[in-house]
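Q: generate coordinates for the sequence data below:
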Amino acid sequence: MNAKNSTGKTTAPTKVAVPNLSGLITPEVYYVIQEVFLHLKLTESWRGKIPTQEGFSKEDKEALNLMVLAIMKDVWSPGGVNWEGFLPYVMLRLIRKRFTWDSKPANKKFFAERISKFERKLNEQAINQTEKMSANNFAQYIQNEADNMVSPDTLKLYKAARTVATLIEYEEMQYRLRPDITETTRVEMREDIEQFFCLPGYYDLIEGVGEFGKVKQLIRTISCARYTFRWQSHICNIRCNILTHMLESAMISYIQNLEEGVTDTDTLMRDFWIMLFHDIAEVWTDDIPGPLKDSFTVEWEGRTVKFREITEAQEMEAVENNFIANLPEKSKEFLNQHMMDAPNNAANHARYKNADYFAADWEVFWNILAGAKEPRYFEILYDSLAFQPRTTNQKKAIIEFLKKVN
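A: Okay, the predicted model is just below:
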């Protein structure tokens, strides 16, 4: 798949053979990836820079990075983006953050100046640890795809999105930062930000002015989804928020597509973006538990309907009025299609719900491990084994979850 890059030139990925995905995804792969997400959920972002860590994790940041990219990609690269190898690159980034070490730019620079191919060594360390846990070649597949297929122009846009997400977090917490590092952090960020001023709309987005003033406000609002927690009617020792749930669902969608042999980049990316935003309405409506939506009926517009039907109408309205309405004009068609039209495709809807529910299984598993003995948590895992869209290896992974908590 060829595409125009941010400079208007046509680029193509390095040509490699389409991989044979047979046997690539095993129950161990699902297990190691949920373990990666659990650690990122519990890993501090901005550590040592603010007195309290509530609400800022590595996983929050990774979710916001990708959402900013999805919102701005059509503005920054009107000719289109080459997505070959991008999801493996993101996966490698998540794995590396789990199995290696992260620090402020000055510390990274110190080692990079003294150790040859330092970044590569960190990637190799992460891959080696993943291979030990997943017991197959999944980690090597991820590294090969990331190294050989991803476009430098796509990575440039991804880094630009990360700088925007970092600025959003910085502005949210700057009054809580340690006084001795507030200005240093601002200067370091400004140096990163200025290299992307050539991208269309980037300066206005950073400054929050003009057409992109409301876009920046939208991203700030989405960032605050880290404070809207799921499972609030249950004992929840591992706090799971809407922002990270959407990222976990998106990555599960990618892995289950690989398990089913999907190699088409357009399909992989379409499903990933859909799941990355699938609960975006809850930023404005909050999270209403699914069982409650289905537990009673009401009179509505002259009909007797499940409560769910009204909540879904409320969510659709929230997406239209708060999300779609505030997107950049060049992004509206893409994201409107993904948010509004995709759920109506019956053939794909079951797969999307499967990724959503399997992400919920992860959250249940984490809370049982953390000591929550809610009977409903165990019921959810057992019920999940009978859920028709579950893949073979997802069911095997759930069986392993149950073995570890029983």
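
Q: can you pull out the strands in the stretch 201-350 of the chain?
A: 297-300, 303-306 (DSSP state E, counting those that start in this stretch).

Q: flag every buried residue along whatever helix or strand Lys353 lives in.
A: Per DSSP states H and E, Lys353 falls inside helix 346-369. In terms of neighbour count (16 or more other Cβ atoms under 10 Å), helix 346-369 has its buried residues at 351-352, 354-368. Backbone N, C-alpha and C define where each C-beta goes, glycine included.

Q: try stretch 145-152
A: Glu145, Ala146, Asp147, Met149, Val150, Ser151.

Q: would you confirm that Ala372 contacts Arg239?
A: No - with contacts defined as Cβ atoms under 8 Å, Ala372 does not count as touching Arg239, sitting 11.4 Å away.

Q: same drill for the two, tell me which one is more crowded.
A: Neighbours were counted for Ala372 and for Arg239 using other Cβ atoms under 10 Å; Arg239 has more, 20 against 17.

Q: the more buried one and Lys373, how far apart?
A: Distance, Arg239 to Lys373, using Cβ to Cβ, to the nearest Å: 17 Å.

Q: how about Leu69?
A: Counting by Cβ to Cβ, the gap from Leu69 to Lys373 is 40 Å.

Q: neighbour count for these two, which is higher?
A: The neighbour comparison of Leu69 against Lys373 (other Cβ under 10 Å) goes to Leu69, with 24 against 10.

Q: in contact with that one: list those residues for me.
A: Contacts for Leu69 were tallied using Cβ atoms under 8 Å, 6 or more residues apart in numbering; they are Leu157, Tyr158, Ala161.

Q: phi, psi for the first one please.
A: Dihedral angles phi and psi of Leu157 (degrees, to the nearest 10) take the values phi -70, psi -40.

Q: neighbouring contacts of stretch 97-107?
A: Here stretch 97-107 has contacts from 35-36, 39-40, 43, 58, 62, 122, 125-126, 129-130, 188, using Cβ under 8 Å, 6+ apart.

Q: and what of stretch 181-190?
A: Contacts to stretch 181-190, defined as Cβ under 8 Å, 6+ apart, come from residues Lys49, Lys104, Pro105, Ala106, Thr163, Thr166, Leu167, Tyr170, Gln174, Leu177.

Q: other SSEs contacting the host helix or strand of Tyr30?
A: Using DSSP H and E, Tyr30 sits in helix 27-41. If you count contacts as 3 or more Cβ pairs under 8 Å, 6 or more residues apart in numbering; DSSP states H and E, helix 27-41 packs onto helix 58-76, helix 86-99, helix 118-134, helix 242-259, helix 346-369, helix 392-405.

Q: may I have it as CSV, with CA atoms only?
A: Extracted C-alpha coordinates of helix 27-41, given in CSV (Å, rounded to 0.1, in the frame of the first residue of the first chain):
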residue,chain,number,x,y,z
PRO,A,27,-3.0,-18.3,24.7
GLU,A,28,0.4,-17.2,26.0
VAL,A,29,0.4,-14.2,23.7
TYR,A,30,-2.9,-13.0,25.1
TYR,A,31,-1.5,-13.6,28.6
VAL,A,32,1.7,-11.7,28.1
ILE,A,33,-0.1,-8.7,26.5
GLN,A,34,-2.5,-8.4,29.4
GLU,A,35,0.4,-8.5,31.7
VAL,A,36,2.1,-5.7,29.7
PHE,A,37,-1.1,-3.6,30.1
LEU,A,38,-1.4,-4.3,33.8
HIS,A,39,2.1,-3.1,34.4
LEU,A,40,1.6,0.0,32.3
LYS,A,41,-1.6,0.7,34.2
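
Q: what's the separation between the spatially closest residue to Lys396 that is not a sequence neighbour and Val262?
A: Among residues not flanking Lys396 along the chain, Pro27 sits closest, at 3.9 Å (Cβ to Cβ, 6 or more residues apart in numbering). Going from Pro27 to Val262 by Cβ to Cβ gives 19 Å.

Q: more neighbours: the two, which one.
A: The neighbour count for Pro27 versus Val262, taken as other Cβ under 10 Å, is higher for Pro27 (20 against 14).
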